[in-house]
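**Q** Curious how this folds, go ahead:
(chains A, B, C and D)
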Number of protein chains: 2
Amino acid sequence: MSNAYNRPDQLSPELRRRVLETARRLGYPGPDPVARSLRTRKAGAVGLLLTENLSYAFRDPAAVGVLEGLALACEDASVGLHLVPASPGREDVAAVHRAGVDGFVVYSVPDDDPHLAAVLERPVPTVIIDQPSIEGIDRVGPDDAAAVGKIAEHLVGLGHRQVGVICMRLARERNDDFVSTARQSGAHFHVQRTRLEALAVAFSAAGVDWAGVPVVERFDHTVDDGASAARQLLDAYPQITAVICTSDILALGAMAEAERRGLRVPQDLTVTGFDGIAEAERIGLTTVHQPVLEKGKAAGRLLLGSAERSAPKVITLPTELRVGRTSAPPRTIDEPWFGG
Amino acid sequence: MSNAYNRPDQLSPELRRRVLETARRLGYPGPDPVARSLRTRKAGAVGLLLTENLSYAFRDPAAVGVLEGLALACEDASVGLHLVPASPGREDVAAVHRAGVDGFVVYSVPDDDPHLAAVLERPVPTVIIDQPSIEGIDRVGPDDAAAVGKIAEHLVGLGHRQVGVICMRLARERNDDFVSTARQSGAHFHVQRTRLEALAVAFSAAGVDWAGVPVVERFDHTVDDGASAARQLLDAYPQITAVICTSDILALGAMAEAERRGLRVPQDLTVTGFDGIAEAERIGLTTVHQPVLEKGKAAGRLLLGSAERSAPKVITLPTELRVGRTSAPPRTIDEPWFGG
DNA sequence: CTGCTAATGGAAACCGTTGTCAGATTCACC
DNA sequence: GGTGAATCTGACAACGGTTTCCATTAGCAG
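**A** Okay, the predicted model is just below:
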C-alpha cells in the first residue's frame, strides 16, 4: 500500500493501478501526514518562534523581510514553516511543546523569554536570529554595534552633539517614556541594548555625555508611536539637532512629527533610521541597511543544511550606511528655528 | 506518565513531581508532538496555501495584513500556522499531502492551481480567501466588484474618460505587456478578473468603449514594476488622464513614474490604487480600503470555530473609497501638458 | 521434471503517544 | 477488622503509516 504511493517502481504497474483505484473507490484520502511523520521521524516543517505580539512582527517590513527569507529557504527545501502561537501575555509554553517540527528558528524575542527556554529544551536543532549568543547554538545577525557606529560617526562628522534617541521596547513591560541608563543597559531585547550601547560608546568618544542624551522608548512599533516619541522628545529637548531612531518605522514617525511642527528635514532637524526598508529608501531616509532577506535565508539554510553538524556556526551579516536626504549639519546657533 | 504532563489534577502533586523529576534525569524531552498528534487526531496547526512565489505575498502589505490577521486568529486558538511550501514552478503537490494540519486556508492562488485541487482532496475543513466560490467551501472576501465600482464612479464623476489600467498578473504564465480583452476575461486570478470586469462594466456604462482602454499587466508585484508599467502605458497612450491600478503597490510605482516624467499628480495625472495599505494612506493615495486584517481573522475564525458546521459560510467584507490627494478632474484640453 | 534464483505480495514489527481497564495499594472511617 | 473510596501501577490496544522480513511464485537453466 505504502509502496503504491511512495515507490511506484517497487511494484508492478498493474498492482499499483489496482491499489490506487481501490483506494479511491473506498474514499481513502492518501497517507496520513502525521502518521507518516511519526514513522519517518521527519515532520517536514521548521518552527518559527516570534513570541511577541504577532502584529509587532508583521507591521515591521524588516521583520517581514526576515520572515520572507526564512520562508524562501524553507521552500527551497520543500519544508513547511510553522509559526508557533506564542501569546505574549499568558506563558503558553505548551505551544512550543506541541509543535511538530524538525527544528526551530527563534527571532527577536526577549532573552529571558520562557518560550525560548522551552525551545532549547526540545531535542531539535535551533538557530537564533538577532539574539545574544547561546553556547552551542547557531546564530545569525548583523554586527549591530558596528552598524550603529557608522550612523554615530556620520552624525558626529556632520557636527551633531545635541542628539536624542528613539528606540523600540527594551523589556517585556511597557514603558512609553524616557529611559534611564540603567534600563538601557539592562534591556532584555538584545538588538536594542546593543544599539544603545554602541551609540553611547560612539558619542562618549566624541565628547558627548551620554547620561545627558535623552532616550525615548516605545512599546509598540508603529509610525504613530515614532511620531509621539518624537513629540515627547522635542517638547522636552527642543535644542536637539538630530533624532536617532533604532528603526526606520520609528524614523518615519519622527519625520511626520517634524513636518507637523514645521521643522524642515534636514535643514532644521536630522532624522536617521535603521534597517533600510523599502519605504525608507523611497523617501531618502538616512539609515543603515541590513540584508534582512539574507538574514532569514541564512537562518533557514543553517537549520536545514544539516550536513555539516561540526561546530555551531555564527553568521554575521554586512551592513551599509545609506546617507539619504534626511541628514545634514546641525542648524547654526545664529539662526535658531525656535522663537527667542 | 502521560497524566503527569497532561492532567496534573488526576494524580497527587508528590507523584507528579517525582515522575517529572525522573523523566528529566533520564533525559526525556517531554511527549513527542507528532505521536501525540497521531493519537489525538489533532495536529494543532492550520495550513496556509499561498502557492505563488512567496516574495509575492510578503512584499505586498495587503497580503501581509491577511497573514497577520490569520496568525492572530490562530494565536487566539493556540494553534500554529503552517506555511505550505508550494513552489510555483514544479507542481510539488506532495507538500500539500505532507502537511500535518487540521485545516487549510487558501489565499490568492490561481483558480486552476493543482495545489488548490490537492487541498480540496484532503479530508479537512478549508476556507478560501479572495477565490472564486467553490461548492460547499467557506469563503471570505470583499465585494471586489462593488469596491472597484466606487473607484470607477469617482473617476467618471471627476470627468475622466481616457483612462488606462495597470493590473497584477492574470495567469500563471508571465505577460509583462498589454492585455487583450480575451485574456482579461479568461484570467485565472479571480480578484484581478473581477476587478477588470467591474471596471469594464462601469466605464462602459459611462459611454467609454472598454475595448479601447489599455490594460497593462505585470507578473511581479513591486513598486518598480508599477513604474515600468506606467511608463509603458503612458508612452503608448499619452492622452490618458487617469491611471487605475489594481493595487496600491502598483500605484506607488505609477506615482514614481509620473514624477520622473514631470507630471504633477493630480493636476496632470490622476492615479488610484486598491487595498488601502499604510503607505498609501501616508502619501494620500486615492484608493479603496479593504480590511485586510479582518479578512485574515475572519478566515481563521471560520476555520477554527468549528462548532457551527451547519452550512458553508460566506463572509463578505466591507470596502470604503478613500479619496486622497492623487485624484482630480482631468487636465483641460486647453492646457495640454505635452508639446503641441 | 527438478532445483535454484529473482521478483513480488503480504504479514508483522515499530514509531511514541493516549485512553481504558483491571488489579493493587493505601487510607479513612465505621 | 471490614468496607469503600481514592489513588496508583501496569498492561494493552489503538492511531495510520513505513520498513523489514519472510513466504510465495514465477522464470529459467540444467
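**Q** for chain A, which spans come out with low pLDDT?
**A** A:1-4, A:6-16, A:19, A:88-90, A:306-310, A:333-340 (pLDDT under 70).
**Q** Which helix or strand contains the most centrally placed residue in it?
**A** Geometric centre of chain A, nearest residue: residue A:63, 4.6 Å, by CA atoms, centre = their mean. Element membership for residue A:63, per DSSP states H and E: helix A:61-76.
**Q** What's the separation between the residue nearest to the centre of chain A and residue A:326?
**A** Distance, residue A:63 to residue A:326, using CB to CB, to the nearest Å: 22 Å. From N, CA and C alone the C-beta is placed, and that goes for glycine too.
**Q** And for residue A:31?
**A** Distance of residue A:31 to residue A:326, computed by CB to CB: 57 Å.
**Q** again, but for residue A:194
**A** 23 Å.
**Q** Which one of those two is surrounded by more residues?
**A** Using other CB atoms under 10 Å in any protein chain shown as the criterion, residue A:194 and residue A:326 rank with residue A:326 on top: 24 against 21.
**Q** In contact with that one, which residues are there?
**A** A:251, A:255, A:265, A:266, A:270, A:271, A:272, A:283, A:284, A:285, A:286 (CB atoms under 8 Å, 6 or more residues apart in numbering or on different chains).
**Q** beta partners for the spatially closest residue to the fifth one that is not a sequence neighbour?
**A** So the one you mean is residue A:270. Nearest non-adjacent residue to residue A:270, counting by CB to CB, 6 or more residues apart in numbering or on different chains: residue A:242, 3.9 Å away. Beta-bridge partners of residue A:242, counted by DSSP bridges, are residue A:163, residue A:270.
**Q** helices and strands around the helix holding residue A:63, which ones?
**A** strand A:45-49, helix A:54-58, strand A:80-83, strand A:104-107, helix A:248-261, helix A:292-304, helix B:54-58 (3 or more CB pairs under 8 Å, 6 or more residues apart in numbering or on different chains; DSSP states H and E).
**Q** Tell me what angle it forms with helix B:61-76.
**A** In terms of direction (axes from the mean of the first three to the mean of the last three CA atoms, to 10 degrees), helix A:61-76 departs from helix B:61-76 by 80 degrees.
**Q** Would you mind getting the angle between helix A:61-76 and helix A:292-304?
**A** Counting by the same axes, to 10 degrees, helix A:61-76 lies at 40 degrees to helix A:292-304.
**Q** Name the residues of helix A:61-76 that are buried.
**A** For helix A:61-76, a neighbour-count test (16 or more other CB atoms under 10 Å in any protein chain shown) marks A:61-75 as buried.
**Q** Tell me where the stretch 151-300 of chain A has strands.
**A** Using DSSP state E, counting those that start in this stretch, the strands found in the stretch 151-300 of chain A span residues A:163-168, A:215-218, A:242-245, A:270-272, A:287-289.
**Q** What is the first one packed up against?
**A** For strand A:163-168, the packing partners by 3+ CB pairs under 8 Å, 6+ apart come out as helix A:190-205, strand A:215-218, helix A:223-236, strand A:242-245, helix A:248-261.
**Q** List the buried residues of the third one.
**A** It refers to helix A:223-236. Residues A:223, A:225, A:226, A:227, A:228, A:229, A:230, A:231, A:232, A:233, A:234 are the ones in helix A:223-236 that count as buried (16+ other CB under 10 Å).
**Q** quick revisit: I'd guessed the residue nearest to the centre of chain A sits against residue A:129; true?
**A** No - here residue A:63 lies out of contact with residue A:129, judged by CB atoms under 8 Å, at a distance of 10.0 Å.
**Q** what is in contact with these two at once?
**A** Common contacts of residue A:63 and residue A:129, defined by CB under 8 Å, 6+ apart, comprise A:107, A:108.
**Q** give me the number of residues near residue A:31?
**A** Residue A:31: 17 surrounding residues under other CB under 10 Å.
**Q** Could you find the closest non-adjacent residue to it?
**A** Spatially, and ignoring its direct neighbours in sequence, residue A:31 is nearest to residue A:5 (5.7 Å; CB to CB, 6+ apart).
**Q** Much appreciated, bye for now.
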